[in-house]
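*Asks:* Please work out how this folds:
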Amino acid sequence: MENGAIFDLLKSLKSEVDRRIFEFLPSAHEIPEIDLLYQMMRDYPSRLGKGLRPGLLLIFNRAFGGVDERALTTAAALEIFQNWIVIHDDIEDQSDLRRGLPALHIKHGVPLALNAGDALAGKMWELLLQNRGIIGPEMTMAVFDEFLNMYSHTTAGQHIELNWVAARKWDLAESDYFEMCRRKTAWYTVITPCWTGSLIAGIDMAMRDAFIDFGMDLGVAFQIQDDVLNLAGDINKYGKEIGGDLWEGKRTLVIIDLLRKCSGKEREFIIGILNKEREKKSQGDIDKVLGFIKRYGCIAYAAGISQSLARRAQQTFMDSIDSSADPHYRQVIIDLIDFMVSREL
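*Replies:* Numbering: from 1, shown residues only. Below you'll find the predicted structure:
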């Protein structure tokens, strides 16, 4: 499938997921303050997004003989997870934009945005419990366990990254970055969607380790591509602030590669800029760091690592997972792997 066809498939699946979400989330209340909470809870889910994670869940469910009706509620809960966690992420990173629009805390302030994220988190668990009448109590608890595991890994990975910034830690190896990505990104972006969708379809539990290996590589590849787009993407497609990672002082593969390649004096200068508080940085500062990144070919280097990891994930899928997959969806998944590391948004 061409990237356009993959995008159309994800869009179609997301429309079904969104329908389930908006049927479930409260929409209005007679008390104005609670009504505002409900509108804030529906804000991020209403914004244009790829729907990659619930799309992966539904595609893998189909690939192993499942039907959408049994997996749709779990896919909707996963999308709610994505939305509430990025409300908090935007606050922690001091991001200004989310999906091309002002972040929720920019629109309403940090306290209200935090509370809306907390409220969405509660609704996610509530929605998952509705699975009892759809996939039965035993499978519901199995899915619940997978979400708890995802939650634990994701928040641990986020804490690693936030602590690097707080501690002004720059002496990092690529292996440190990969470990952070495996926890922060791989579980909720790839492993949990793909495995949970397949689990609901009835796949053998013995396959779980293969899914983890597959998802670790593809999840890191996806995060690297996201880091690349943050520096070299089109804001109208990417939907987040271009260069935001530099404003926020994030430790990415691009920056780790830059600090390894540059001279000692350049390293000191670059770290001096990145260590500044966001409000004390200037566009000139950011442009200088971008100049070094381009000079040393760091974006191309990171993109190459992303492609290599994606190829390894694809090989793991073909060697260890796809033997019992529906042939049509087997090819869809292979094409989707390429899409995840070649996308422009």
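*Asks:* Spatially nearest residue to residue 185, not counting backbone neighbours?
*Replies:* With CB to CB, 6 or more residues apart in numbering as the criterion, residue 185 has its nearest non-adjacent residue at 4.2 Å, and that residue is residue 223. In short, each C-beta sits where N, CA and C put it, glycine included.
*Asks:* Would you mind measuring from the one you found to residue 264?
*Replies:* Distance, residue 223 to residue 264, using CB to CB, to the nearest Å: 29 Å.
*Asks:* Neighbour count: these two, which is higher?
*Replies:* Set residue 223 next to residue 264 and count neighbours by other CB atoms under 10 Å: residue 223 wins out with 24 against 7.
*Asks:* Settle this for me: that one is touching residue 184, isn't it.
*Replies:* Yes - in terms of CB atoms under 8 Å, residue 223 counts as a neighbour of residue 184; the distance is 7.5 Å.
*Asks:* Now the common contact residues for these two.
*Replies:* Jointly contacting residue 223 and residue 184 under the rule CB atoms under 8 Å, 6 or more residues apart in numbering is no residue at all.
*Asks:* re earlier: tell me the mean pLDDT for whichever strand or helix holds the residue nearest to residue 185?
*Replies:* Element membership for residue 223 (DSSP states H and E) is helix 208-232. The average pLDDT within helix 208-232 is 96.
*Asks:* wait, is residue 27 part of a strand?
*Replies:* No - secondary structure of residue 27 (DSSP: H, G, I helix; E, B strand; the rest coil): coil, not part of a strand.
*Asks:* residues making contact with stretch 58-72?
*Replies:* 9, 13, 16-17, 20, 57, 75, 134-135, 193-195, 197-198, 200-203, 322, 324-326, 329-330, 332-333, 336.
*Asks:* Show me which residues of it are buried.
*Replies:* By neighbour count with 16 or more other CB atoms under 10 Å, stretch 58-72 contains the buried residues 58, 59, 60, 61, 62, 63, 64, 66, 70, 71, 72.
*Asks:* re the thing from before, check the spacing between the residue nearest to residue 185 and residue 10 real quick.
*Replies:* Counting by CB to CB, the gap from residue 223 to residue 10 is 18 Å.
*Asks:* Okay, angle between the longest helix belonging to the chain and helix 208-232 too, please.
*Replies:* Secondary structure of the chain per DSSP state H: the longest helix is helix 136-166. If you take axes from the mean of the first three to the mean of the last three CA atoms, to 10 degrees, helix 136-166 sits at 40 degrees to helix 208-232.
*Asks:* and helix 136-166, what other elements does it pack with?
*Replies:* Helices and strands touching helix 136-166, as assessed by 3 or more CB pairs under 8 Å, 6 or more residues apart in numbering; DSSP states H and E, comprise helix 68-93, helix 110-129, helix 174-181, helix 192-201.
*Asks:* Convert the second one to CSV, retaining C-alpha atoms only.
*Replies:* To tie it back to what came earlier, the one meant is helix 110-129. Output in CSV follows, covering the C-alpha atoms of helix 110-129 (Å, rounded to 0.1, in the frame of the first residue of the first chain):
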residue,chain,number,x,y,z
VAL,A,110,-2.0,24.4,33.9
PRO,A,111,-4.3,23.6,36.8
LEU,A,112,-7.4,23.1,34.7
ALA,A,113,-5.5,21.2,32.0
LEU,A,114,-3.9,18.8,34.6
ASN,A,115,-7.4,18.1,36.0
ALA,A,116,-8.8,17.4,32.6
GLY,A,117,-6.0,15.0,31.9
ASP,A,118,-6.7,13.3,35.3
ALA,A,119,-10.4,13.1,34.4
LEU,A,120,-9.7,11.5,31.0
ALA,A,121,-7.4,8.9,32.7
GLY,A,122,-10.3,7.9,34.9
LYS,A,123,-12.6,7.5,31.9
MET,A,124,-10.0,5.3,30.2
TRP,A,125,-10.2,2.7,33.0
GLU,A,126,-14.0,3.0,33.1
LEU,A,127,-14.3,2.4,29.4
LEU,A,128,-12.0,-0.7,29.6
LEU,A,129,-14.4,-2.2,32.2
